[in-house]
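Enquirer: Got a predicted structure here, sequence first:
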Amino acid sequence: MNKNLPEINVGVVGHVDHGKTTLLSRLTGKFTDTHSEELKRGITIKLGYAETVLYKCGEKITNVQDKDCVPVRYISFIDAPGHEMLMATMLSGAAIIDAAILVVAANEGVKPQTKEHFMALQARNLKNLIVVQNKIDLASKEKTLENYKKIKALLKGTPMENAPIIPVSAQQGVNIDKIFEELYKIEIPKRDEKSNPVFLVARSFDINKPGKKIPELNGGILGGILKKGTLKVGDEIEIKPGLYIKKSRGEATYKTLNTKILSLHKGKNSLKEIGPGASISIETSLDTSLTKADSLRGCVVSTKGNLPDAKERVKMKAILFNEVSGLKGHQAVDPLKTKETLMLSINTTITVGTIEKISNGEIEVSLKIPAIILKNDNIGIARNIEGHWRLIGWGTQTE
C-alpha cells in the first residue's frame with residue numbers, strides 16, 4: 001500500500017437493525033461483528049473496524065483493484081452500535097471520525113436512534129455526511145419517497161443539510177458504487193504532523209492465542225486514531241490517565257503508564273512510522289494483562305512528558321438541544337441543575353460527573369473518572385432519562 005495515499009476515517013451510524021454492518025461488509029468485504037455475543041444477538045456491541053482502498057478506473061471509483069486502476073484513497077470505517085443502551089460506545093466512535101455514513105432503512109424511515117446519532121454527529125461538529133437509504137428492496141416506491149422526505153426534514157437547518165441521500169440495497173449490492181463515488185468526493189482534512197503526537201485509545205486488547213510460546217508472545221495492543229504528530233517504532237510513550245487502581249474504602253486512583261512502541265499496524269500493513277489519518281493499532285511492551293478487554297479505552301497517548309494531567313473537574317460552556325432525541329414523541333430538554341449527574345463523552349472517554357456549580361451558562365462538573373481534555377474538543381453531554389442516557393447537548397471547555 002502506498003503510504004502517501006490520502007486517508008480518511010468514516011463512521012457508520014444509525015438505528016439498530018437498519019443494516020449498518022451488512023453495508024460495511026459490502027464496502028470492505030469484512031464483517032465487523034466478530035464478538036460471539038454480537039453474533040448471537042445480531043447487533044453491534046463494540047466498535048467495529050474495517051478498511052478499504054478506493055481505486056479510480058477511468059471515471060469509475062471502486063474498491064476492486066485492476067491493472068488499469070490507480071489507488072486514490074485509504075478509508076478506515078468505524079461501525080458504531082445503534083442500540084439505545086449502547087449510546088456511550090457510539091459517542092466514543094464519533095470522537096475519532098472525519099466523516100459519517102448515516103444508515104436509514106427505507107422501509108422504516110427515521111427512528112429515535114437515527115435522530116440521536118445525528119445529534120451526536122452535530123455535537124462532534126461533523127460536517128461531512130453521506131446518508132444511505134438502505135433496504136430499498138423491502139419498501140415500495142411510495143414508502144421510500146415518504147421516508148426520503150423525512151430524512152430531508154431531519155437534515156434541514158444543519159451544516160449537513162445538503163448531504164447526499166443514496167438509495168441502496170446492501171443485501172442485493174445495489175448502488176454501492178454510488179457510495180464509493182461520494183466517499184471519494186469528501187475533502188481530506190488538513191493533518192498536523194509537526195505537533196507532539198496525540199493518540200486517542202478507542203480499544204485495547206490482547207492478540208495472543210492460548211498455547212502461544214513465550215518467546216513469540218506479543219505485547220499489549222492499543223487501537224485508535226493518531227489525531228496529530230507522528231509515532232514510530234521504538235518511541236517511548238506515556239498513557240494517561242493510565243492504569244486504574246482500586247484502593248480500600250472504594251476509592252480509586254490512576255497511574256500513568258510508560259511503555260515502548262514495538263510495532264505499528266494499519267489494517268494488514270506493518271509500518272515503521274505513522275502520521276495522523278486512518279485508524280491504527282500500536283503494539284506496546286506492556287503486559288497484556290494491562291490492555292485486555294478494553295481496559296485502557298479512553299486513554300490518551302503521546303511521547304513522554306507531552307501530555308497534560310488528567311482532570312477531575314471541568315468547567316465548560318454548555319449548549320443544550322431544544323429537544324431530547326431518542327424518545328418517541330417530543331420532549332423539551334430541561335435546564336441543567338446543580339448536583340445533577342451527567343454522562344460526559346470526552347474524546348474516547350466516557351465518564352460520569354456531578355454538576356457542582358452553574359454560573360452565566362457555564363457549568364463546573366466533578367468527574368468520577370478523570371479525563372485528558374484537549375483544546376477545542378467538544379464534550380458530549382447526556383442525561384439519564386427513563387433509565388437510559390440520552391444526549392442533550394455538548395460543551396466546550398472554558399479553562
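Expert: Perfect, I can see it now.
Enquirer: Could you report the neighbour count for the residue nearest to K292 when sequence neighbours are not counted?
Expert: Nearest non-adjacent residue to K292, counting by C-beta to C-beta, 6 or more residues apart in numbering: D206, 4.4 Å away. Heads up, the C-betas are built off the backbone N, CA and C, glycines and all. Applying other C-beta atoms under 10 Å, we find 18 residues neighbouring D206.
Enquirer: Mind pulling up the pLDDT for D206?
Expert: pLDDT recorded at D206 is 92.
Enquirer: what's the answer for G277, then?
Expert: On pLDDT, G277 comes in at 83.
Enquirer: So it sits against R191, correct?
Expert: Yes: with contacts defined as C-beta atoms under 8 Å, G277 counts as touching R191 at a distance of 6.2 Å.
Enquirer: so what secondary structure elements neighbour the longest helix anywhere in the chain?
Expert: Using DSSP state H, we find that the single longest helix of the chain is helix 141-155. Helix 141-155 is packed against helix 112-123, strand 128-134, strand 165-167, with contacts defined by 3 or more C-beta pairs under 8 Å, 6 or more residues apart in numbering; DSSP states H and E.
Enquirer: right, and the residue nearest to K292 touches T291 too?
Expert: Yes: in this structure, D206 is within contact of T291 by C-beta under 8 Å, at 6.2 Å.
Enquirer: if I look at the two, which residues touch both of them?
Expert: The overlap between the contact sets of D206 and T291 (C-beta atoms under 8 Å, 6 or more residues apart in numbering) consists of G220, I221.
Enquirer: If you count neighbours, what's buried in stretch 238-255?
Expert: Within stretch 238-255, the residues scored as buried using 16 or more other C-beta atoms under 10 Å are E238, I239, K240, P241, G242, Y254.
Enquirer: Farthest-apart pair in the residues you listed, please.
Expert: Pairwise distances across the buried residues of stretch 238-255 (C-beta to C-beta) peak at 12.3 Å, for the pair E238 and Y254.
Enquirer: Now the longest strand seen in the chain: average pLDDT?
Expert: Longest strand of the chain, by residue count under DSSP state E: strand 252-266. Mean pLDDT, strand 252-266: 93.
Enquirer: Quick check: which helices or strands does that strand pack against?
Expert: Strand 252-266 sits against strand 231-232, strand 236-246, strand 269-271, strand 273-274, strand 279-284, with contacts defined as 3+ C-beta pairs under 8 Å, 6+ apart.
Enquirer: ok so, going back, show me what contacts the residue nearest to K292?
Expert: D206 sits next to N218, G220, I221, T288, T291, K292 when contact means C-beta under 8 Å, 6+ apart.
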